[in-house]
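In: Everything below, folded, please.
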Amino acid sequence: MAAKTADSDGGSMTPSEPSDGDDRSDRDSDYESDDEEESPKASRRHSEKLNIQWTGYARRTPVILFCPEAILAKKAPKKTVGERYHMTYKFGSSECKIVRNIFNYHGFHEVHPNSSDFNLIWTGGHLKPFTLRSLTEFQKVNHFPRSYEITRKDRLFKNIQRMQQIKGVKHFDFIPQSYILPSEYQDFCAAFLREKGLWIVKPVASSRGRGVFLCNHPDQVPLDENLIVCKYIANPLLIDGFKFDIRLYVCVTSYDPLCIYLFEEGLTRFATVKYEKSNRHIRNQCMHLTNYSVNKKSDDYVKNDDPDVEDYGNKWSLGAFLRYLRSRGKDTAALMMRIEDVVIKTIVSAEVPVATACKMFMPFRGNCFELYGFDILVDDNLKPWVLEVNLSPSLACDSPLDMKIKTNMMCDLFSLSGVVCHDPMMRTLQQSRRNQEVTAKIAARAKKQRPQSAGSSSGSRPGNPQPRGMAGLNSEEIKILRRLKEEDQRKGGWVRIFPTPDSWDLYSWVFSCFT
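Out: Got it, this is the predicted structure:
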């Protein structure tokens, strides 16, 4: 993991000089104040390098940067910035040890779940619409409204199926043939008669392998609960005879416009019983399921206690898996391109309903971000299949390798999401009347007009000089572009896979059905 160092955007408690070409017709943030004028030379008087990036127009909005290297090396906590701004966090429906450790290490303190004075809320499920609508501009939550459109197995299949009907099955053939029961039971029976073989049955809204089993006849499937039955992929790629899947971490920082990141590292999770194609072992979950929650209970599970050894035991890193394939002469670059393609298409399939919900419930563009856990199976033709997408992927650290990968990933996730350094008490106790008026104006503008996509051709206000390379963009588009560049500077181990310079050439045909 590349170490993050303070750059020209960070390193002091005061803003740096505005960069040439910055353009703005009105303020980017309601927490920027005319009363906070400071000389640009003030930043040079601070010798201590702080974990801050200055963002926005004239770089007047501080964003905290999180430091995984210091946590893993057990160095002194970096609490200066968090304590200076009295930053806080809270948990929603579930708590998470690694999230608590990261925030406490960086000077945040935890507030009661009912408190409204927080910078970030981490929750296992979706917030109620009223809570979302009450967020101020500096507050963040780790879920977009309606992100279950790809994390519920039935909704994932229906969204992909819709894209298959619009754009052709061959372009969206990365999920197995599936049927939602009990409503599609007759269709499932007809498909079974055409293609006998193994099918896998899953509850539509569960995780960690709960309620999953294999069947070889429709009579074995109960009809009194909501299930999805999928054609079993019988030719998985094997390593030393064992089946495995890949857990990838995907972050979406915005659905309008869509912005997708893939973390550079992931986990490869192995079954604990060698794979056989015969039907004699269809009840053996430790052969057919690769979920860690299932296989850790097996007597054959091999644990790895060394974080520097990434290719030992029943859990490898993604990097170790790719190195293994390269040593066997496989084209891992082509494989990763195919994986990125299926990740992008999966999220694109749900872009419209999620973006519409964001327009309805999110008062500010930056209130939400999302961490998805994609489970990918690779078959013996090196074709990736999306098994499921997890809304709140497990952040449990049961091994040193887990701790290394997930600490780096989560610290970089919080840096990428752009947690603004702002005292949460200011929103109720010290917010000036002028700032309240600005907040109302911004909220009204957000409800009145949804920002146009970066491909729009509307011009900027007359009299405002355009930065180089931004001719023809309006003020909203310039803000979007600026924030995308700022995300790129603090992304750490996250790799932006959409948009990229090739996005329009590769995916314009997909988006054409939405316009």
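In: lowest-pLDDT helix or strand in this structure?
Out: Sorting the helices and strands of the chain by mean pLDDT, DSSP states H and E puts helix 433-448 at the bottom, at a mean of 52.
In: ok, residue 299 to residue 314 distance?
Out: Per C-beta to C-beta, to the nearest Å, residue 299 is found 12 Å from residue 314. In short, each C-beta sits where N, CA and C put it, glycine included.
In: and for the two, which residues touch both?
Out: Counting by C-beta atoms under 8 Å, 6 or more residues apart in numbering, residue 299 and residue 314 have no contacts in common.
In: Could you check which of the two is surrounded by more residues?
Out: Per other C-beta atoms under 10 Å, whichever of residue 299 and residue 314 has more neighbours is residue 314, with 22 against 6.
In: Which parts of the stretch 1-150 of the chain are strands?
Out: For the stretch 1-150 of the chain, the strands defined by DSSP state E, counting those that start in this stretch occupy 52-55, 61-64, 88-91, 109-110, 120-122, 140-141.
In: Turn those strands into TSV, columns for mean neighbour count, distance to residue 474 and mean pLDDT.
Out: Shown next, in TSV, are these (neighbours: other C-beta atoms under 10 Å; distance: least, C-beta to C-beta, whole Å; pLDDT from 0 to 100):
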stretch	mean neighbour count	distance to residue 474	mean pLDDT
strand 52-55	24	20	94
strand 61-64	25	21	96
strand 88-91	21	35	97
strand 109-110	15	40	96
strand 120-122	23	30	97
strand 140-141	22	26	97
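In: Let me have those strands in TSV, adding distance to residue 134 as columns.
Out: Listed next are the strands of the stretch 1-150 of the chain as TSV, based on distance: least, C-beta to C-beta, whole Å:
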stretch	distance to residue 134
strand 52-55	24
strand 61-64	21
strand 88-91	14
strand 109-110	20
strand 120-122	11
strand 140-141	11
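In: for residue 311, what are its contacts?
Out: By C-beta under 8 Å, 6+ apart, residue 311 lies in contact with 317, 320, 321, 323, 324.
In: Now, of these, which are buried?
Out: Neighbour counting over the contacts of residue 311 (16 or more other C-beta atoms under 10 Å) leaves 317, 320, 321, 324 as the buried ones.
In: In strands, which of the residues you listed appear?
Out: Here DSSP state E is the test, and these give residue 317 as lying in strands.
In: who does the host helix or strand of residue 251 touch, helix- and strand-wise?
Out: Secondary structure from DSSP states H and E places residue 251 in strand 242-255. Counting contacts by 3 or more C-beta pairs under 8 Å, 6 or more residues apart in numbering; DSSP states H and E, strand 242-255 is packed against strand 258-263, strand 267-270, helix 318-327, helix 332-349, helix 351-361, strand 370-378, helix 400-417.
In: what separates the helix or strand following the second one from the chain centre, distance-wise?
Out: It stands for strand 267-270. Next along the chain after strand 267-270, taking DSSP H and E as the criterion, comes helix 285-288. Put simply, helix 285-288 sits 29 Å off its chain's centre (C-alpha atoms, centre = their mean, to the nearest Å).
In: Show residues contacting helix 285-288.
Out: Residues outside helix 285-288 that contact it (C-beta under 8 Å, 6+ apart): 200, 209, 212-214, 232, 243, 271-276, 281-282, 294-295, 298, 300.
In: tell me which residues of the next helix or strand after that helix are tucked away?
Out: Counting by DSSP H and E, the next helix or strand C-terminal to helix 285-288 is helix 292-295. Using 16+ other C-beta under 10 Å as the test for burial, helix 292-295 gives 292, 294, 295.
In: how close does the last one get to residue 100?
Out: Summarising the geometry, the distance separating residue 295 from residue 100, computed by C-beta to C-beta, is 27 Å.
In: The residue lying closest to residue 296 once chain neighbours are set aside: neighbour count?
Out: Closest residue in space to residue 296, ignoring its immediate chain neighbours: residue 398 at 7.4 Å, by C-beta to C-beta, 6 or more residues apart in numbering. Neighbour count for residue 398, taken as other C-beta under 10 Å: 12.
In: Which helix or which strand is home to residue 398?
Out: Of the helices and strands defined by DSSP H and E, none includes residue 398.
In: what's the answer for residue 166, then?
Out: Using DSSP H and E, residue 166 falls in helix 153-167.
In: what's that helix in contact with?
Out: Residues outside helix 153-167 that contact it (C-beta under 8 Å, 6+ apart) are 148-150, 171-175, 178, 180, 202-205, 226, 228, 345-346, 348-350, 386, 388-389, 509-510, 513.
In: repeat that with 6 Å
Out: 149-150, 172, 175, 178, 180, 202, 204, 228, 349-350, 388, 513 (C-beta atoms under 6 Å, 6 or more residues apart in numbering).
In: For the buried ones among these, write the corresponding ChimeraX selection.
Out: The ChimeraX selection below is limited to those of the contacts of helix 153-167 classed as buried (16+ other C-beta under 10 Å):
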select :149,150,172,175,178,180,202,204,228,349,350,388
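In: JSON lines for the contacts of helix 153-167, including pLDDT and distance to residue 236?
Out: Supplementary listing: the contacts of helix 153-167 in JSON lines, determined by pLDDT from 0 to 100; distance: C-beta to C-beta, whole Å:
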{"residue": "149", "pLDDT": "97", "distance to residue 236": "27"}
{"residue": "150", "pLDDT": "96", "distance to residue 236": "23"}
{"residue": "172", "pLDDT": "96", "distance to residue 236": "21"}
{"residue": "175", "pLDDT": "96", "distance to residue 236": "15"}
{"residue": "178", "pLDDT": "96", "distance to residue 236": "17"}
{"residue": "180", "pLDDT": "96", "distance to residue 236": "24"}
{"residue": "202", "pLDDT": "94", "distance to residue 236": "17"}
{"residue": "204", "pLDDT": "90", "distance to residue 236": "23"}
{"residue": "228", "pLDDT": "95", "distance to residue 236": "19"}
{"residue": "349", "pLDDT": "96", "distance to residue 236": "24"}
{"residue": "350", "pLDDT": "96", "distance to residue 236": "26"}
{"residue": "388", "pLDDT": "95", "distance to residue 236": "15"}
{"residue": "513", "pLDDT": "64", "distance to residue 236": "32"}
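In: Could you dump the contacts of helix 153-167 into TSV with distance to residue 66 added?
Out: Below are those laid out as TSV (distance: C-beta to C-beta, whole Å):
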residue	distance to residue 66
149	29
150	27
172	36
175	34
178	39
180	40
202	35
204	35
228	37
349	31
350	28
388	28
513	38
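In: of all the contacts of helix 153-167, which two lie farthest apart?
Out: With distances taken as C-beta to C-beta, the most widely separated pair in these is 202 and 513, at 28.4 Å.
In: Next one: the residue nearest to residue 336 when sequence neighbours are not counted from residue 101, what distance?
Out: Of all residues not flanking residue 336 in the chain, residue 322 sits nearest, at 7.5 Å (C-beta to C-beta, 6+ apart). For residue 322, the distance to residue 101 equals 29 Å [C-beta to C-beta].
In: Mind checking which of the two has more residues around it?
Out: When residue 322 and residue 101 are compared for neighbours, residue 322 comes out ahead with 19 against 15, by other C-beta under 10 Å.
In: Residues touching stretch 362-371, excluding its own?
Out: For stretch 362-371, the external contacting residues (C-beta under 6 Å, 6+ apart) are 135, 137, 141, 144, 147, 251, 252, 253, 413, 417, 443.
In: What of stretch 192-199?
Out: With contacts defined as C-beta under 6 Å, 6+ apart, stretch 192-199 is touched by 214, 215, 216, 218, 229, 232.
In: Repeat that for stretch 218-228.
Out: Residues from elsewhere that reach stretch 218-228 (C-beta under 6 Å, 6+ apart): 153, 154, 178, 180, 181, 182, 189, 192, 201, 202, 204, 215.
In: Include secondary structure and distance to residue 125 when you put these into CSV, please.
Out: Below are these laid out as CSV (DSSP: H, G, I helix; E, B strand; the rest coil; distance: C-beta to C-beta, whole Å):
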residue, secondary structure, distance to residue 125
153, helix, 16
154, helix, 17
178, strand, 24
180, strand, 22
181, strand, 24
182, coil, 26
189, helix, 35
192, helix, 35
201, strand, 24
202, strand, 19
204, coil, 16
215, strand, 30
